[in-house]
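Sequence first, then the predicted structure:
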Amino acid sequence: MSKPKYPVQLNQLADVHDAQALAFADDFLANCKQGEFIGGLAPLHPEAGYALLRQAVKVFAGLHPFNLDAIAAVADESYDVHVAMRELIAEYIHRHEELPPTLKAYNIRILNPHFRPPEKGSGQAKAANVLEDLVLMTLLMSLIERFHYLPTRGSQRRHCACSIVSLAATRAGLHRGDERSIKKIWDRYAPSVLPGSMAQAILLEKSVSYRVKLLAENK
């Protein structure tokens, strides 16, 4: 299998293979700061995670009246949920549809001059990272597939997918912490991406066999 052609970067990396992987990761994250993903925002735009959360809240609310009631109950604690409720009210009015009872009650509440909406930033810490987590998880899977890295370093000193992503994320200004923080993202989402030990074993086998091939070529 031929290696992807990327310029060599960072002399401190173990070999050309690692430098190519980091260059790929740099390009990947740079592209995720451009284009449109939701609401005209790029996947790594600082507000994209919030926009995704608000959209998810609205979809969830529309599935069942009990869902809408549960969301209304926490709207006072989360700025994004509050905004999602306002957007739902506006959308119903724009379509000339009658508001459900829960939205009617919330609409009356926010019209009250004594109502104090939650401050922007409340309840947003997790929302801000959800979309970034998904982007970084996609990059982890790409590095494993394209460059045959092990997901995590383990006892080895050689770079792994998490260490490369940690370097690239820092260079992209994402401030997501060190390699251990990226590993937590992998540990959180890997069970969904890799359902069962069979898929994990396949990834492990591919990564190890490719590393053995590289070592043989470099002798």
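Cool, got the structure. Residues are numbered from 1 along each chain as shown.

any idea how the chain splits into domains?
Domain ranges of the chain: 16-36+125-218, 48-111, per automatic domain parsing.

what's the model's confidence in the shortest one, averaged?
In this case it means domain 48-111. Mean per-residue pLDDT for domain 48-111: 88.

Can you give me the end-to-end span of it?
Start to finish, the residues bounding domain 48-111 are 28 Å apart (Cα to Cα, to the nearest Å).

now for the helix or strand hosting Val81, which elements pack on it?
Val81 belongs to helix 79-94 when assigned by DSSP states H and E. Applying 3 or more Cβ pairs under 8 Å, 6 or more residues apart in numbering; DSSP states H and E, one finds that helix 79-94 makes contact with helix 48-61, helix 65-74, helix 101-111. For the C-beta atoms, the positions are set from N, CA and C on the backbone; glycine is no exception.

Okay, buried residues for the first one please.
Residues of helix 48-61 classed as buried by neighbour count (16 or more other Cβ atoms under 10 Å): 48-54, 57-58, 61.

just the shortest one next, same as before
Buried residues in helix 65-74, counting neighbours by 16+ other Cβ under 10 Å, are found at 68, 71-72.

ok, now the last one?
Of the residues in helix 101-111, those scored as buried under the neighbour-count criterion (16+ other Cβ under 10 Å) are 102-103, 106-107.

would a markdown table of the residues you listed with distance to Pro117 be doable?
As requested, those are exported to a markdown table (distance: Cβ to Cβ, whole Å):
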| residue | distance to Pro117 |
| --- | --- |
| Thr102 | 17 |
| Leu103 | 16 |
| Tyr106 | 11 |
| Asn107 | 13 |
